[in-house]
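Engineer: Sharing a sequence plus its predicted fold:
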Amino acid sequence: MKILIAPDSFKESVEALDVCHAIQSGFSEVFPDADYKLLPMADGGEGTSAVLSYVLGGRWKEVVVNDPLMRPISAKYLLLPDATAVIEIAQACGLHLLIAAERNPVIASSYGVGELIADALEEGVKRIIIGLGGSATNDAGLGMLTALGMTFHDSDDNTLAQGGGALANLQRLDATSFHASVLETVFEVACDVTNPLCGELGASAIFGPQKGASPQQVNDLDQALNHFASICEQNGYQDYQEIAGAGAAGGLGYALMSFCQAELKSGFDTVAEVANLSQHITDADLIITGEGKLDAQSAMGKVAGGISHIARLNHTPVIAICGSVDGLKPAQTSQFDVIMPSIQKLDTIDNIFKNAYHNIETTAANIAAAIKLGQSIK
């Protein structure tokens with residue numbers, strides 16, 4: 001029996017590869033001779049680089065870049081053997097890099113993201129996969145573009161300060177020194193956010209508050225981003241501000257489309273394509289996937305739902321092991337042949353996270369035992 005184990009991480013408790021090991025360990029108690037293929041998955045967010053490193057190899061490059069407040073930090077990205085770089089923007093401008101009192105999207109900069117991209121270009125890559133998510137910024141890529149050689153000026157021809165608030169003063173941009181290799185490189189952006197750049201559903205309104213913006217700052221930032229898009233359009237750049245995903249990562253989605261000709265794709269679809277998931281599913285007799293919480297969003301671009309869709313096209317049975325199940329409708333549960341929560345007993349959330357590996361392992365063993373029992377019943 002060929003068993004493909006392809007889960008997402010269980011957020012805050014177990015990384016995707018460790019989930020694979022827990023499931024294999026449990027199943028091996030019952031089926032020690034099965035042919036197991038471990039394929040940890042991700043949906044384009046944090047952890048995507050680690051997943052692709054395990055699946056495809058490559059090497060890590062660590063560089064010193066600027067954090068959202070322009071302080072030097074160490075960040076890393078992945079170089080794959082096929083001249084592809086995988087960059088998670090949270091490495092350079094992640095919200096986790098700031099303590100609560102430091103969060104301020106008016107001044108927070110994506111400059112470090114541009115430094116990572118520039119370093120990858122100097123490595124000679126031909127394709128860059130960028131994972132959007134977890135940013136502390138709302139600058140529509142001002143910092144990133146500045147690090148790549150573009151300059152932005154106010155009415156007095158002074159260079160703009162960093163941060164989304166500075167965009168309100170933009171009068172002129174100059175691409176003369178923009179990194180020459182950008183337009184020769186394929187940019188693929190893993191993004192599951194569908195927000196436009198501006199407006200009630202835009203970057204500032206939806207994500208600004210969690211990044212530290214007050215109601216007044218949200219309004220100011222929204223107007224600043226709208227002004228930025230207008231200046232870009234006046235300078236001949238295509239207007240992407242209403243395109244789904246333009247508001248991702250504080251407007252980095254917009255900048256990557258406008259200035260790097262990036263294609264925004266589902267995070268899961270991007271990882272699945274690079275990891276050759278469809279072929280692995282075709283080769284398997286049974287698929288086991290999972291994530292920390294299986295809910296209505298699981299069918300909307302998340303790992304478990306995406307895997308179940310491909311598996312059903314191949315008529316391959318799929319089992320989902322998850323920490324908990326919440327609010328699934330019958331049509332959503334029917335995507336899986338089995339859905340099994342892994343929590344073994346009522347407990348505190350801290351203990352549930354602490355015992356997650358053991359719980360997954362035990363659940364996998366119980367599922368395997370049920371399968372073996374079914375095989376023995378005539």
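Structural biologist: Here it is on my side, so go on.
Engineer: CA atoms for contacts and neighbours, from now on please.
Structural biologist: Will do.
Engineer: can you give me the strands in the stretch 251-378 of the chain?
Structural biologist: Secondary structure of the stretch 251-378 of the chain by DSSP state E, counting those that start in this stretch: the strands cover 263-265, 286-295, 318-326, 338-341.
Engineer: which of those strands sits most buried?
Structural biologist: Of all those, strand 286-295 carries the top mean neighbour count, a mean of 25, counting by mean count of other Cα atoms under 10 Å.
Engineer: same for that one, what does it pack against?
Structural biologist: On a contact count with 3 or more Cα pairs under 8 Å, 6 or more residues apart in numbering; DSSP states H and E, strand 286-295 meets strand 2-5, helix 303-313, strand 318-326.
Engineer: For residue 357, grab the count of nearby residues.
Structural biologist: Residue 357: 22 surrounding residues under other Cα atoms under 10 Å.
Engineer: from memory it sits against residue 22, does it?
Structural biologist: Yes: using Cα atoms under 8 Å, residue 357 is in contact with residue 22, at 6.0 Å.
Engineer: Pull the contacting residues for residue 79.
Structural biologist: Contact partners of residue 79, counting by Cα atoms under 8 Å, 6 or more residues apart in numbering, are 58, 59, 60, 61, 85, 86.
Engineer: Kindly provide the distance from the first one to residue 72.
Structural biologist: Shown here: residue 58 relative to residue 72, a distance of 26 Å by Cα to Cα, to the nearest Å.
Engineer: okay, those two: which has more neighbours?
Structural biologist: Between residue 58 and residue 72, counted using other Cα under 10 Å, residue 58 has the larger neighbour count: 17 against 14.
Engineer: surely that one meets residue 78?
Structural biologist: Yes: using Cα under 8 Å, residue 58 is in contact with residue 78, at 6.8 Å.
Engineer: State the three-state secondary structure for residue 61.
Structural biologist: Assigned by DSSP: H, G, I helix; E, B strand; the rest coil, the conformation of residue 61 is strand.
Engineer: now it: how far from residue 96?
Structural biologist: From residue 61 to residue 96 the distance is 21 Å (Cα to Cα).
Engineer: for residue 80, same thing?
Structural biologist: Plainly put, residue 80 is 26 Å away from residue 96 if you go by Cα to Cα.
Engineer: again with residue 232
Structural biologist: Distance of residue 232 to residue 96, computed by Cα to Cα: 30 Å.
Engineer: More neighbours: those two, which one.
Structural biologist: Taking neighbours as other Cα under 10 Å, residue 232 and residue 96 compare with residue 232 leading, 19 against 13.
Engineer: Identify each buried residue in the helix or strand harbouring that one, please.
Structural biologist: If you go by DSSP states H and E, residue 232 is part of helix 215-234. Across helix 215-234, burial judged by 16 or more other Cα atoms under 10 Å covers 217-229, 231-232.
Engineer: re earlier: quick one: closest of the strands of the stretch 251-378 of the chain to residue 210.
Structural biologist: Smallest distance to residue 210 across the strands of the stretch 251-378 of the chain (Cα to Cα): 21.9 Å, for strand 286-295.
Engineer: At which residues are the strands of the stretch 1-150 of the chain located?
Structural biologist: Taking DSSP E, counting those that start in this stretch as the criterion, the stretch 1-150 of the chain carries its strands at 2-5, 35-38, 59-66, 72-80, 84-88, 127-131.
Engineer: Can you tell me which of the ones you listed is nearest to residue 294?
Structural biologist: For these, the distance to residue 294 is smallest for strand 2-5, at 16.7 Å, taking Cα to Cα.
Engineer: Off-centre distance for that closest one?
Structural biologist: Offset of strand 2-5 from its chain centre (Cα atoms, centre = their mean, to the nearest Å): 25 Å.
Engineer: Same check on stretch 285-305?
Structural biologist: 15 Å.
Engineer: Quote the end-to-end distance of that stretch.
Structural biologist: Criterion Cα to Cα; first-to-last residue distance in stretch 285-305 is 18 Å.
Engineer: List the contacts of it.
Structural biologist: Contacts for stretch 285-305 (Cα under 8 Å, 6+ apart): 1-11, 41-43, 192, 266-269, 281, 306-307, 311, 316-329, 332, 335.
Engineer: just stretch 223-230 next, same as before
Structural biologist: In contact with stretch 223-230 (Cα under 8 Å, 6+ apart) are residues 139-140, 164-168, 170, 197-198, 239, 241, 251.
Engineer: could these be laid out in JSON lines, adding pLDDT?
Structural biologist: As requested, the contacts of stretch 223-230 are exported to JSON lines (pLDDT from 0 to 100):
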{"residue": "139", "pLDDT": "97"}
{"residue": "140", "pLDDT": "97"}
{"residue": "164", "pLDDT": "97"}
{"residue": "165", "pLDDT": "97"}
{"residue": "166", "pLDDT": "97"}
{"residue": "167", "pLDDT": "98"}
{"residue": "168", "pLDDT": "97"}
{"residue": "170", "pLDDT": "97"}
{"residue": "197", "pLDDT": "97"}
{"residue": "198", "pLDDT": "97"}
{"residue": "239", "pLDDT": "90"}
{"residue": "241", "pLDDT": "94"}
{"residue": "251", "pLDDT": "96"}
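Engineer: for the helices and strands packed on strand 286-295, which one sits closest to residue 101?
Structural biologist: Residue 101 lies closest to strand 318-326 among those, at 32.5 Å (Cα to Cα).
Engineer: Just give the nearest non-adjacent residue to residue 336, would you?
Structural biologist: residue 318 (5.6 Å; Cα to Cα, 6 or more residues apart in numbering).
Engineer: still on that earlier bit, got a quick ChimeraX command for the buried subset of the contacts of stretch 223-230?
Structural biologist: This is the ChimeraX syntax for the buried subset of these, where burial follows 16+ other Cα under 10 Å:
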select :139,140,164,165,166,167,168,170,197,198,241,251
